[in-house]
Each structure stands twice: as structure tokens, then as C-alpha cells.
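Colleague: Requesting a structural model of the entry that follows:
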Amino acid sequence: MASGSIAVCIGTPFDIALVRLQADSMAPEKERRNYKNVFDALFRTTTEEGVGALFKGLLPNILRGMAMNVGMLACYDQAKEVTARVLNDPMTDGPSLPTKLGSAAIAGFTAAFFSLPFDLVKSRLMNQKPDVDTGKLPYRGVMDCAVKIAQREGPLGFYGGFAAYYGRCAPHAMIILLSIESITSFYRKMLS
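Modeller: Got it, this is the predicted structure:
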């Protein structure tokens, strides 16, 4: 978990740039930041808002990664058993490829389901701008952002864009889990 947290700390400034560049293209012209590229976004964010602004959304980003891994890894073996039963796979020599793919797709679903709320909070925190009149940011932190989303958009507000997010998570889960299966199988054969 520590290595994942360190990786998130290193990647968060680039995530900030990505979120802001994407949001900028959809914002009305008056509200755009007009970054030229990733490096301009990083440089201007640092000079205009301070170095700390590069790490807005760090906590939900770490929580998102943890939730994704829990959702993916916690249900994979159970999903494999259920999928094997549905596909009549005896799994005598291990699960068949369709069983692996189906269970990895299910694991990708739970990974997306567990992690999307954190991803939404992360993106909202990363993209927030001070109010023009008051100078205050819309959110004071992770909990304030989550509470405001729940109040304004309801519980389903955390799952807007789920299909697209799942489309991103499922291939990730499939690659990771199939790689783990292959490496584990190879390792066991080497030891026997």
C-alpha cells in the first residue's frame, strides 16, 4: 500500500493538470484558465496558487486507489467461482480463459463501484476555483465536498458517468488480474 501511496503522491500534480486541462475545454470562455499544455498548467498552478495546489485532491486520490484495489482483489476469487459455475468450467487445471475474463470483468465492476465516489471528489477538489465575489473555494476538503455532492445531487450523484468509468476500470482489472494469474501459474510450475 505504501508504494501505491507514494506513486499517487508523485502522480497527483499531473492528475491536477489533466483534470484542469479537460475541464478548461468545456468551461465558458470567461472561466477558462487557458493553459497551453501540461507544463504550463503545472507552472501556472504553482505560481498562481502555490505548490500546495498541486496536491489538491491527494487524499481522495489515495482513497480511490485503495478502494479500487479492494474492489478488484476482494471479489475476484469469489467471482471466479461463480463465473466457473455459470460457464460450467470444472477448473480442474485452473480456470479457463472465459472464466478468467468474466471474473475479471466482475472485479472491474466492483473496483469501479467502490472507487468512483472518491474519483469524483478528487476531480471536484482538483478543479475548484475561488468564487469571484468572495474569493472562497467551493469546498473546504474531502468531507465537505462529499457532503455537498450528497446534498445537492443525492447518493446517485456519486455515480454519474459510471459506464465510462467502468469502461476504464474493466480493462485495467482484466490486465492486472490475468497477469497475476499467469505469473502465479508460472511460479507454481517452476516450484513443482
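Colleague: so where's this structure shaky on pLDDT?
Modeller: 1 (pLDDT under 70).
Colleague: What segments of it are helices?
Modeller: Listed in chain order, the helices found in the chain under DSSP state H are 2-26, 38-49, 58-86, 97-127, 142-153, 162-191.
Colleague: Could you dump the ones you listed into TSV and include mean neighbour count and distance to R32?
Modeller: Backbone N, C-alpha and C define where each C-beta goes, glycine included. Formatted as TSV, these follow (neighbours: other C-beta atoms under 10 Å; distance: least, C-beta to C-beta, whole Å):
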stretch	mean neighbour count	distance to R32
helix 2-26	15	5
helix 38-49	15	12
helix 58-86	19	24
helix 97-127	22	12
helix 142-153	14	22
helix 162-191	14	23
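Colleague: contacting residues around L18?
Modeller: V38 (C-beta atoms under 8 Å, 6 or more residues apart in numbering).
Colleague: how near is it to Y139?
Modeller: 19 Å (C-beta to C-beta, to the nearest Å).
Colleague: what does I149 give?
Modeller: For I149, the distance to Y139 - C-beta to C-beta - is 9 Å.
Colleague: joint contacts of the two?
Modeller: Taking C-beta under 8 Å, 6+ apart as the contact rule, I149 and Y139 both touch R124.
Colleague: nearest to T134, of the helices of the chain?
Modeller: Evaluated over the helices of the chain, closeness to T134 peaks at helix 142-153, with 15.4 Å, by C-beta to C-beta.
Colleague: Kindly calculate the angle that the closest one makes with helix 97-127.
Modeller: Taking axes from the mean of the first three to the mean of the last three C-alpha atoms, to 10 degrees, helix 142-153 and helix 97-127 form an angle of 100 degrees between their directions.
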